[in-house]
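> starting from these lines, generate the structure:
(chains A, B and C)
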Amino acid sequence: MASLIVAAAISLLGSETVAHGRRFVRSSSYDEPCKEMRLYLHDILYDYSNSTSNSTSAAVTKPTALSTAVSKSGYFFGRMVVFNDPMTEGRALPPSMEETAVRAQGLYFYDKKEDYSAWLAFSIVFNSTAHRGTLNLMGADPLAEKTRDISVVGGTGDFFMSRGVATLRTDAFEGFTYFRLQMDIKLYECYVV
Amino acid sequence: MASLIVAAAISLLGSETVAHGRRFVRSSSYDEPCKEMRLYLHDILYDYSNSTSNSTSAAVTKPTALSTAVSKSGYFFGRMVVFNDPMTEGRALPPSMEETAVRAQGLYFYDKKEDYSAWLAFSIVFNSTAHRGTLNLMGADPLAEKTRDISVVGGTGDFFMSRGVATLRTDAFEGFTYFRLQMDIKLYECYVV
Amino acid sequence: MASLIVAAAISLLGSETVAHGRRFVRSSSYDEPCKEMRLYLHDILYDYSNSTSNSTSAAVTKPTALSTAVSKSGYFFGRMVVFNDPMTEGRALPPSMEETAVRAQGLYFYDKKEDYSAWLAFSIVFNSTAHRGTLNLMGADPLAEKTRDISVVGGTGDFFMSRGVATLRTDAFEGFTYFRLQMDIKLYECYVV
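A predicted model of the protein is given here:
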């Protein structure tokens, strides 16, 4: 009897395994994601580093009228940056900033007058032996908070249709030349093979 | 018997309540979201208001070659604005534009040559006694329509993993200095405590 | 007995059909989306075409310091473009670039120093007899790959709360004046009437 019940429910959930199919899994607990990983993002802004080979991001806008008016150099209300940053499993910089198998590609901008606060939208592109595919993320990044949560809103390839939450923590901050972000990614909706 | 069936189905849905866990709820009807709220967004653009203390947004790009060529001042094809706007439950401006517990942080830009049309992506950041967490939204905002629907694509904190739809309505528009947007947010996928 | 089981499971899934309600459907297979369509996106950049009537996009940023420093004209690290592009079922250009019933509205930017790579976020706005509503998409677009997958992160109207994957393929590329993108959209989570 129990097996019949299970069969009926699975069919309704659309989680049956068919040819080339994937099975949908929803985590049963906040503490038990269906997939979890920690990655470090390394960002070197060209505008301060002046290194064409090592830099991984560039400011794409000029100072806004507002940011100039409030005169808090550094807060940059409206400053927008495009990045293509290497991501690593450990804290150390990768051997090459340009040829790392996992990369975060997207934009961030500052959005506060008298404090550091940012907003970002980006993709993590996996081209490693472990994973191929992408995760797409967006959310607010109020830097004054020790940790900030953003949304994993979708995925492709190995991360087909995934959803979850990523917790950001500033792990290193060397002026505007270099920062390292610890990213704890937890997926709670997965389509597994 | 019925309780056994329910138990089996719950387990498959991953909606069992464990320590620190949350239960997944999908609305059974378009008219009955699992969570609903109305908020008003207040936007004061620095570039027209010239108020450093009250302004909540700033143009981050210069007029594009296209917007200059079509000479429709105001339509601004390509004009991009970064905002950090207070949101309130009522229509009235908050006592302080800078210290409101609920804020919308993100960007919008105009994308039509001869009419007002915009696109936006932003987070609603809740820091109130009622809610802590964020909702992440994106979508097209064709201002000529009386109401426009955008997607709630994810959430964090109290809005962990939420999804839904937000309906936007321009509630006040005073030139480019001030506008107020009514936002009816309806969540249809919730993870409840 | 079986019908009782089904009833219990449906109730938990929230997929019962009520007044004005929609039923949630999750595809049971990667190869069998609950909704599928192929569309072509046509983009004419004003900055190269100089056509105010036919152009559908405009560069919104100036060359970044980084893109100038690496001197690879064309790769444009950080160049950002806002678009409002017609989409068609066939490859041919629509009769009018400005009055097409299905449009893609959003932004893309280039994010690589020595190769073409982009990132995009946009809405497909349907105003046709077949469909009314929107789909919201975002993801990385590494142009060197023959096909690229991005996420459909939400939808409204006929595409209420949809999720899926869109596969992009460059179908035509005439310098920077015109490109055509083939977009195969597959939805795996649908709310059907």
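> does chain C have contacts with stretch A:149-159?
Yes. Part of stretch A:149-159 sits close enough to chain C to count as contact by Cβ under 8 Å from any Cβ of the partner chain, namely A:153-157. Where C-beta positions appear, they are placed from N, C-alpha and C, glycine not excepted.
> are any of those residues buried, and if so which?
When those are checked for burial by 16 or more other Cβ atoms under 10 Å in any protein chain shown, the buried set is A:153-156.
> list the contacts for A:Ser117?
Taking Cβ atoms under 8 Å, 6 or more residues apart in numbering or on different chains as the criterion, A:Ser117 is in contact with A:110-111, A:140-144, B:84, B:105.
> Three-state assignment for the nearest residue to A:Leu143 once chain neighbours are set aside, please.
Setting aside the residues directly before and after it, A:Leu143 is nearest to A:Tyr116 in space (Cβ to Cβ, 6 or more residues apart in numbering or on different chains), at 4.0 Å. Classification of A:Tyr116 into helix, strand or coil gives coil, according to DSSP: H, G, I helix; E, B strand; the rest coil.
> A:Tyr116 and A:Arg148 touch, don't they?
No. Under the criterion of Cβ atoms under 8 Å, A:Tyr116 is not in contact with A:Arg148, lying 11.5 Å apart.
> who has more neighbours, those two?
Neighbours were counted for A:Tyr116 and for A:Arg148 using other Cβ atoms under 10 Å in any protein chain shown; A:Arg148 has more, 23 against 16.
> what are the boundaries of the helices in chain A?
A:2-13, A:46-49, A:65-70 (DSSP state H).
> mean pLDDT lowest where, among the ones you listed?
Mean pLDDT per stretch puts helix A:2-13 lowest among the helices of chain A, at a mean of 33.
> Provide the partner residues of the nearest residue to A:Met161 once chain neighbours are set aside in its beta bridges.
The shortest distance from A:Met161 to any residue other than its chain neighbours is 4.9 Å, reached at A:Tyr191 (Cβ to Cβ, 6+ apart). Residues found in beta-bridge contact with A:Tyr191 (criterion: DSSP bridges) are A:Phe24.
> who are the contact partners of the closest residue to chain C within chain A?
Among the residues of chain A, A:Gly154 lies closest to chain C, at 2.8 Å counting by Cβ to the nearest Cβ. Contacts of A:Gly154 were listed using Cβ under 8 Å, 6+ apart, and they are A:135-136, A:161-163, B:153, C:138-139, C:151-153, C:163, C:165.
> quickly list what it is bridged to.
Each beta-bridge partner of A:Gly154 is listed here: A:Asn136, as defined by DSSP bridges.
> okay, it and A:Met87: tell me how far apart.
18 Å (Cβ to Cβ, to the nearest Å).
> quick revisit: using a markdown table, lay out the contacts of A:Gly154 together with pLDDT and distance to B:Arg26.
What follows is the contacts of A:Gly154, written out as a markdown table (pLDDT from 0 to 100; distance: Cβ to Cβ, whole Å):
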| residue | pLDDT | distance to B:Arg26 |
| --- | --- | --- |
| A:Leu135 | 98 | 23 |
| A:Asn136 | 98 | 22 |
| A:Met161 | 96 | 16 |
| A:Ser162 | 97 | 18 |
| A:Arg163 | 98 | 14 |
| B:Val153 | 98 | 16 |
| C:Met138 | 98 | 23 |
| C:Gly139 | 98 | 25 |
| C:Ser151 | 98 | 20 |
| C:Val152 | 98 | 18 |
| C:Val153 | 98 | 17 |
| C:Arg163 | 98 | 13 |
| C:Val165 | 98 | 21 |
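> of these - the most surrounded one?
Within the contacts of A:Gly154, neighbour counts (other Cβ under 10 Å) peak at A:Leu135, which reaches 31 neighbours.
> that one and A:Ser162 touch, don't they?
Yes. Distance between A:Leu135 and A:Ser162: 6.5 Å, which falls inside the contact criterion (Cβ under 8 Å).
> A:Pro107 and B:Tyr30: what is the separation?
Careful, residue A:107 is Leu and not Pro. From A:Leu107 across to B:Tyr30, the span is 34 Å (Cβ to Cβ).
> between the two, which is the more surrounded one?
For A:Leu107 versus B:Tyr30, neighbours defined as other Cβ under 10 Å are more numerous around A:Leu107 (23 against 18).
> how close does the more buried one sit to B:Tyr48?
Plainly put, A:Leu107 is 25 Å away from B:Tyr48 if you go by Cβ to Cβ.
> quick revisit: let me know the closest of the residues of stretch A:149-159 next to chain C to chain B.
Top of the list for closeness to chain B, among the residues of stretch A:149-159 next to chain C and by Cβ to the nearest Cβ, is A:Val153 at 4.4 Å.
> check contacts around that closest one.
Contacts here follow Cβ under 8 Å, 6+ apart; on that basis A:Val153 touches A:136-138, A:163, B:136, B:153-154, C:138, C:151, C:153-154.
> please apply the same query to A:Tyr46.
Applying Cβ under 8 Å, 6+ apart, we find A:Tyr46 in contact with A:52, A:55, A:57-59, C:64-66, C:69.
> and the closest residue to chain B within chain A, how far from B:Met161?
Per Cβ to the nearest Cβ, A:Ser151 is where chain A lies closest to chain B, at 2.8 Å. Summarising the geometry, the distance separating A:Ser151 from B:Met161, computed by Cβ to Cβ, is 8 Å.
> tell me, what's touching those two both at once?
Contacts common to A:Ser151 and B:Met161, judged by Cβ under 8 Å, 6+ apart, are A:163-165, B:154-155.
> of all these, which two lie farthest apart?
Spanning the widest gap among these are A:Gly164 and B:Gly155, at 11.4 Å by Cβ to Cβ.
> any common contacting residues for the two?
By Cβ under 8 Å, 6+ apart, A:Gly164 and B:Gly155 have these common neighbours: A:151, B:161.
> ok, of the residues of stretch A:149-159 next to chain C, which one's closest to A:Ile124?
Within the residues of stretch A:149-159 next to chain C, distances to A:Ile124 taken as Cβ to Cβ reach their minimum at A:Gly155, with 8.9 Å.
> middle-most residue in chain A, spatially?
A:Leu137 (5.3 Å; Cα atoms, centre = their mean).
> quick check, it in contact with A:Phe122.
Yes. Taking Cβ under 8 Å as the definition, A:Leu137 is a contact partner of A:Phe122 at 5.8 Å.
> anything in contact with each of these two?
For the pair A:Leu137 and A:Phe122, residues contacting each of them under the criterion Cβ under 8 Å, 6+ apart are A:Gly106.
> low pLDDT regions in chain A?
In the predicted model, chain A carries pLDDT under 70 at residues A:1-20, A:71-75.
> about what we covered before: so what's the residue nearest to A:Met161 up against?
With Cβ under 8 Å, 6+ apart as the criterion, the residues that contact A:Tyr191 are A:22-25, A:160-162, C:188.
> where do the strands of chain A begin and end?
All strands of chain A, identified by DSSP state E, fall at A:23-26, A:35-44, A:57-59, A:80-88, A:102-110, A:118-127, A:132-141, A:148-157, A:163-174, A:178-192.
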